[in-house]
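Asks: Return atomic coordinates for the entry below.
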Amino acid sequence: MRKKYICILAAVLSFCSLSGCGPSAKKTEEEKVTIGVVTKSKSSEYWLSVCDGMEDAAEKYHADVVILSPDSETEEKVQKNMIRDLLKIDIQALAVSPIDSYECEEYVQQAKEKGISVYACDTPIEDADVPYIGIDNEKLGYELGEQLARALDHKGKIGVIAGDFNQAGHRMRVNGFEKYMEKEPGITIEMVRNGYSNMQVSQKDVDEILKKYPDLDGIMTTSAVTALGLSEATEGRGISIVSVDAQEDALKAVKDGRIVALGAQCGYQIGYETIRYIVKDLEGEGTGEDEILDSQVLTTENIDAYIKEDKYGSS
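Replies: From the prediction side, this is the model:
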């Protein structure tokens, strides 16, 4: 992994073709704004979709985009090194999906001292004042609670398997979910586990959870990768699952009934709107406010319409 990172960095510093950047990262004779981006990873369909959206928007809005991504969402130090390296080159803006929402102040300050505007995409930055482009995570968590309660006929025992709470988005989804469940006296939350940011739950963990909580009727997860693995591991046990991320395999799981409800956070949309927002902001047309994107909860009742009408595409 270290060797791969060094190769990518060398390409960035020389402005050559970069793994993780599309054609929009190449300079033309016409001067363009250059946007540096560091995502959490590129190890899932969701993050690939984010990058696709960014590259398409960069082409449309005549920007250059340099995208770097750690191998996984657990590599906080690698992510911060990538951010520092981007700050050494000629960029006008920096967009980050932070692995740790509460440890960003240092590099935000470094960027601002260099005259580089900073933005948070997909996941808010909590310890510095920068615009956020993404969904209302707490609202979506609340709506998922409502759908799970309906699926369980408002009674039963449930659990939560969340991403790392250092990522504010995961924490907010759980906060909204728990807030809704306060309205459901017939439902009890038996357990809350976190640390599964875009990661599958191992069969060992699933077996341990089901041994400790054998009567679970439902589980909420905060990412589709986790939900998909969980649906396979709990097949035939009658456990209703709700989750987040409108990626193709998760949409299919909703159609098949393996996921009861899915919060439609579209990675492509977040990537596209992030670049559009930044370009407009740098042109003096921005508001400086957060850009909260639309989201909806998908079930078997509306999944077909969503796939047909989704202007951004599901991948």
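
Asks: State the distance from the residue nearest in space to the middle of the chain to residue 259.
Replies: The centre of the chain sits closest to residue 122, judged by C-alpha atoms, centre = their mean, with a distance of 4.9 Å. Residue 122 sits 21 Å away from residue 259 when distances are taken as C-beta to C-beta, to the nearest Å. Bear in mind the C-beta positions are built from the backbone N, C-alpha and C, glycine included.

Asks: Can you list the low-confidence ranges for this structure?
Replies: For the chain, the stretches with pLDDT under 70 are 1-30, 198-199, 310-315.

Asks: Which stretches in it count as strands?
Replies: 33-38, 63-68, 93-96, 117-121, 132-135, 156-162, 187-194, 218-221, 240-244, 261-263, 291-293, 297-298 (DSSP state E).

Asks: Out of those strands, which is closest to residue 102?
Replies: strand 117-121 (12.2 Å; C-beta to C-beta).

Asks: the inter-axis angle of the closest one versus strand 33-38?
Replies: 50 degrees (axes from the mean of the first three to the mean of the last three C-alpha atoms, to 10 degrees).

Asks: Could you tell me which strands sit next to strand 117-121 in the sheet, and their orientation?
Replies: Sheet pairing of strand 117-121 (DSSP bridges) gives strand 93-96 (parallel), strand 132-135 (parallel).

Asks: Can you say which of those is packed in most?
Replies: When you average the neighbours per residue for each of the strands paired with strand 117-121 (mean count of other C-beta atoms under 10 Å), strand 93-96 leads with a mean of 26.

Asks: circling back to that earlier point, of all the strands of the chain, which one is nearest residue 46?
Replies: Comparing the strands of the chain under C-beta to C-beta, the one sitting nearest is strand 240-244, at 9.5 Å.

Asks: The closest one - contacts with which helices or strands?
Replies: helix 137-151, strand 218-221, helix 224-233, strand 261-263 (3 or more C-beta pairs under 8 Å, 6 or more residues apart in numbering; DSSP states H and E).

Asks: Off-centre distance for stretch 180-198?
Replies: Here stretch 180-198 is found 20 Å from its chain centre; the criterion is C-alpha atoms, centre = their mean, to the nearest Å.

Asks: just stretch 43-53 next, same as before
Replies: 9 Å.

Asks: Identify all contacting residues around that stretch.
Replies: Residues outside stretch 43-53 that contact it (C-beta atoms under 8 Å, 6 or more residues apart in numbering): 20, 22, 39-42, 67, 69, 71-73, 97, 121-122, 198, 223-225, 245, 247-249, 266-275, 312, 315.

Asks: Quick check: residue 274 touching residue 95?
Replies: Yes - under the criterion of C-beta atoms under 8 Å, residue 274 makes contact with residue 95 at 5.5 Å.

Asks: Please name the nearest non-neighbouring residue to residue 186.
Replies: residue 155 (3.7 Å; C-beta to C-beta, 6 or more residues apart in numbering).

Asks: Tell me, how many residues neighbour the one you found?
Replies: Look at residue 155: counted by other C-beta atoms under 10 Å, it has 12 neighbours.

Asks: Compute the distance between it and residue 149, please.
Replies: On the measure of C-beta to C-beta, residue 155 and residue 149 end up 9 Å apart.

Asks: Same question for residue 255.
Replies: Counting by C-beta to C-beta, the gap from residue 255 to residue 149 is 22 Å.

Asks: Of these two, give the one with the bigger neighbour count.
Replies: Between residue 255 and residue 149, residue 149 has the larger neighbour count (other C-beta under 10 Å), namely 22 against 14.

Asks: residue contacts, the more buried one?
Replies: 180, 181, 184, 187.

Asks: Would you mind measuring from it to residue 186?
Replies: Distance from residue 149 to residue 186, by C-beta to C-beta: 8 Å.

Asks: what's the answer for residue 66, then?
Replies: 52 Å.
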